[in-house]
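Colleague: model the structure of this input:
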Amino acid sequence: MVRTTLVSLPRSPRRSLTHRPSTPVGAALRLAALAATIVRLHEEGRCPESWRPESFGREVSTVLGQLVPIRSASTLASSYAREGHRLSAPMAGPDPWAGAGRPEVADAIDVAYALRWLELDAAHAG
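Modeller: Here you go, the predicted model:
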């Protein structure tokens, strides 16, 4: 019989991890949330207006092409954390779009990283 002990983080460190995308753990949480939101939007047949222009798609493709050499989720999260300086506001929670009533405007870099996160997850699962 395996005994499992759950460890709960104190409240303030948990908040700092989930609210600071500039840390690798915070970046991983944000990427996972962004990826889940992209999947949900796709399943619902919805797309934020700001993602519709062809120029946005080209920018996502360009950034995604630059991320292809990254082969692990942890490396991707670290890279995204280095991009954290450009994020203007901390997340409101694990899902960056929760409670907003509409998707937060995510730029092409965010979307490209989230898509690469999904690719790496699929490669790991398969």
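
Colleague: shouldn't Ala81 be in contact with Ala27?
Modeller: Yes. At 3.9 Å, Ala81 counts as touching Ala27 under the criterion of C-beta atoms under 8 Å. (Each C-beta comes from the backbone N, C-alpha and C, glycine too.)

Colleague: who has more neighbours, those two?
Modeller: It is Ala27, of Ala81 and Ala27, that has more neighbours when counted by other C-beta atoms under 10 Å, with 25 against 20.

Colleague: who touches the helix or strand encompassing Leu115?
Modeller: Per DSSP states H and E: Leu115 is located in helix 108-125. Here helix 108-125 makes contact (C-beta atoms under 8 Å, 6 or more residues apart in numbering) with 31-32, 34-35, 37-39, 51, 56, 59-64, 67-68, 70-73, 76, 79-80, 83, 86, 106.

Colleague: list buried residues within those.
Modeller: Among the contacts of helix 108-125, the ones that count as buried by 16 or more other C-beta atoms under 10 Å are 31-32, 34-35, 37-38, 51, 59-60, 63-64, 67, 70, 73, 76, 79-80, 106.
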